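Asker: A predicted structure for the sequence below; I have some questions about it.
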Amino acid sequence: MKNPQGQRLDPRRFILKFLEIYEEQITDELKTVIHGYMSEVLHSIFFLGNIHRENIMPTDIFEEKELLKLNNKFSKPFNEFCTHLPTRTPFSILLDVVVKIKGSQNETQVMEYLSTLLKELSVPKPTNMTYSNYYTLEATVICICHYERTGGGITKKFYGASLSCKGQRERQVIISLSCRHTWTLKVAYAVALAGEGGAIQLPQTVKCKAFKRNREKDHYCEEPPCTNCINIFKGATFEPCHIEADEDPNWPYGNCAETESLSKLLNADPALCEQVQVLKNNMTADLDLEKKHSLEQCHAQAGRPAYRDRLCANGNDILFFVPQPTPPSPFLAPLYQ
Ligand SMILES: [Zn+2]
């Protein structure tokens, strides 16, 4: 599903909100996990700012004092945003945090919490060009999927967000990196080789529901899948079902929320993943044979010469950012009191 104009969220407010969520956690377990997410979100935002047309640096987002405090607590993203690559968008990280806090089975609570957060974070779309550090951070569509096994048993729910970065360059880089690193191999294959007839065949009892945020009403409404998703994720049950459109989607394969949620589901259930058939032009294909080609496609996109100098610190090797959860230390005072 599309992430059209997108609502612009101020990266500073987005980060500070994330920090607030981190600091209000009281259990050590959640605090440790969210510390990792916090460093990942900083890295992803700084990386996207760095490859943004107007090159937004951390110093454009924060004042010196705030920057120093953040750097003290989360130094890794500051050191690595120019050399290491993110594996997903800031909003996908936020979605994971919300699911962690609310529990994956509490769908209504997850969606309500997200709506409230976004309402708090929303700013009017700036008309003045000097507001160059407003860029899209919100994913407009969320997809939730699960699998009902033959003979009983239902998996938990897996959440995914549509791509929340604006601009062809950012989008292409994130899709390529996700294919190469983040998404499970079969999903990555379907996305990377969609243009050459690549697709996967899922059991009918893989069920996907998508929701699009309605900004006037401030809540999520059901959203049918687009033609791209129907083309590459064959056989799954979509709710609401697909509606024929006159025009093809004008967003790339992999942009939709379905991609991330299906990838998480297949990743968590190896027996299901085993059942998923790999197709090429509607014929069964051999993933081992296609894998190399599919990865080459992603590598070529992610490492285009224009980004290579900035993205790859070590020749052609791509370095990915690895968040390191750190146990909370009593010596570190809260950033904001
Ligand atoms: Zn779609």
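Answerer: Ah, there it is.
Asker: For the spatially most central residue of the chain, give me its contacts.
Answerer: In the chain, the residue lying closest to the centroid (C-alpha atoms, centre = their mean) is residue 92, at 3.6 Å. For residue 92, the contact set (C-beta atoms under 8 Å, 6 or more residues apart in numbering) comprises 139, 160, 161, 164, 260. Where C-beta positions appear, they are placed from N, C-alpha and C, glycine not excepted.
Asker: Which of the residues you listed fall within helices?
Answerer: residue 260 (DSSP state H).
Asker: which ones among the contacts of residue 92 are found in strands?
Answerer: If you go by DSSP state E, the contacts of residue 92 have 160, 161 in strands.
Asker: After the longest strand seen in the chain, which helix or strand is next?
Answerer: Scanning the chain for the longest strand, with DSSP E as the assignment, gives strand 206-214. Downstream of strand 206-214, the first helix or strand assigned by DSSP states H and E is strand 219-222.
Asker: Okay, now the sheet partners of that next one, with direction.
Answerer: Strand pairing for strand 219-222, determined by DSSP bridges: strand 206-214 (antiparallel).
Asker: in the strand it pairs with, what's buried?
Answerer: 206, 207, 208, 209, 210, 211, 212, 213 (16 or more other C-beta atoms under 10 Å).
Asker: what's the average pLDDT for it?
Answerer: Mean pLDDT, strand 206-214: 94.
Asker: residues in contact with that strand?
Answerer: Outside strand 206-214, the residues within contact range by C-beta under 8 Å, 6+ apart are 1, 111, 115, 118, 138, 140-148, 219-225, 233, 235-239, 256-258, 261-262, 265, 272.
Asker: residues in contact with the nearest residue to residue 245 once chain neighbours are set aside?
Answerer: Closest residue to residue 245 apart from its sequence neighbours, by C-beta to C-beta, 6 or more residues apart in numbering: residue 227 at 6.5 Å. By C-beta under 8 Å, 6+ apart, the contact list for residue 227 reads 242, 245, 248, 249.
Asker: Could you turn the buried ones of the contacts of strand 206-214 into a ChimeraX selection?
Answerer: Per 16+ other C-beta under 10 Å, the buried members of the contacts of strand 206-214 correspond to this ChimeraX selection:
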select :1,111,115,118,138,140,141,142,143,144,145,146,147,220,223,224,225,233,236,238,256,257,258,261,262,265,272
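Asker: hang on, the earlier thing: can you convert the buried residues of strand 206-214 into JSON lines and add a column each for distance to residue 60?
Answerer: Converted to JSON lines, the buried residues of strand 206-214 look like this (distance: C-beta to C-beta, whole Å):
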{"residue": "206", "distance to residue 60": "43"}
{"residue": "207", "distance to residue 60": "43"}
{"residue": "208", "distance to residue 60": "38"}
{"residue": "209", "distance to residue 60": "38"}
{"residue": "210", "distance to residue 60": "34"}
{"residue": "211", "distance to residue 60": "33"}
{"residue": "212", "distance to residue 60": "31"}
{"residue": "213", "distance to residue 60": "27"}
